[in-house]
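Q: Sequence first, then the predicted structure:
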Amino acid sequence: MKSNLEQKSNESVVNTLVGENSLLDTSVIKIEIYEQEFVRIVSLSLKMRVKSDFELIRLEFLDVEEYGFYSSHNYGNHIERYKFFKTQIGLYYISLDPFNEVMEINEHDQDFVISKSVKFEILK
């Protein structure tokens with residue numbers, strides 16, 4: 001059964017994307033990086049796994065402090081490991097290709113975003 005949930009923000013996003021709704025075994029459909037009213041935004045559209053309550057979602061990271069993405073023709077868009085958490089200083093951190101799964105920022109993590117807030121939207 002699909003959820004009636006339409007939009008969440010900040011800590012509730014981190015708490016929503018657990019269990020069958022986690023980002024494991026999802027696919028990145030689109031990455032957008034843009035600025036709106038002097039606020040840097042990184043938006044990730046994701047196709048969720050079959051057992052999730054959601055089919056297609058968007059995570060929008062607002063007031064981005066740092067981000068880094070790498071891609072090559074051999075690089076897939078399937079998420080096999082990730083970390084997503086609120087840091088001790090109140091920032092939101094996601095890595096879709098972490099060096100390890102310890103819930104802390106690691107300089108070797110890849111495909112990451114650090115932001116002051118995050119929004120979650122169900123697209124489908």
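A: Yes, it's here. It should be emphasised that the depicted structure is a prediction, and the values quoted were computed from it without experimental measurement.
Q: Neighbours of the closest residue to Asp25 other than its chain neighbours, how many?
A: Taking C-beta to C-beta, 6 or more residues apart in numbering, and ignoring the residues beside it in sequence, Asp25 has Arg49 as its nearest neighbour in space, at 4.3 Å. Placement of C-beta: from N, CA and C, glycine included. Around Arg49 sit 17 other residues, with neighbours defined as other C-beta atoms under 10 Å.
Q: Do I have it right that Val13 meets Glu121?
A: No - under the criterion of C-beta atoms under 8 Å, Val13 is not in contact with Glu121, lying 9.8 Å apart.
Q: Neighbour count: the two, which is higher?
A: Relative neighbour count places Val13 above the other of Val13 and Glu121, with 23 against 18, counting by other C-beta under 10 Å.
Q: Give me the three-state assignment for that one.
A: Under DSSP: H, G, I helix; E, B strand; the rest coil, the three-state class of Val13 is helix.
Q: What residues does it make contact with?
A: The contact partners of Val13, taken as C-beta atoms under 8 Å, 6 or more residues apart in numbering, are 59, 92, 118-120.
Q: Scan those residues and report the most crowded one.
A: Of all the contacts of Val13, Val118 has the most neighbours under the rule other C-beta under 10 Å, reaching 27 neighbours.
Q: contacting residues for that one?
A: For Val118, counting by C-beta under 8 Å, 6+ apart, the contacting residues are 9-10, 13-14, 59-62, 92, 94.
Q: go on, Ile31?
A: Contacts were defined as C-beta under 8 Å, 6+ apart; by that measure Ile31 touches 42-45, 69.
Q: Quick check, Ser43 in contact with Glu32.
A: Yes - with contacts counted by C-beta under 8 Å, Ser43 reaches Glu32, the gap being 4.2 Å.
Q: about what we covered before: which of the contacts of Val118 are buried?
A: Buried by 16 or more other C-beta atoms under 10 Å: 10, 13-14, 59-62, 92, 94, out of the contacts of Val118.
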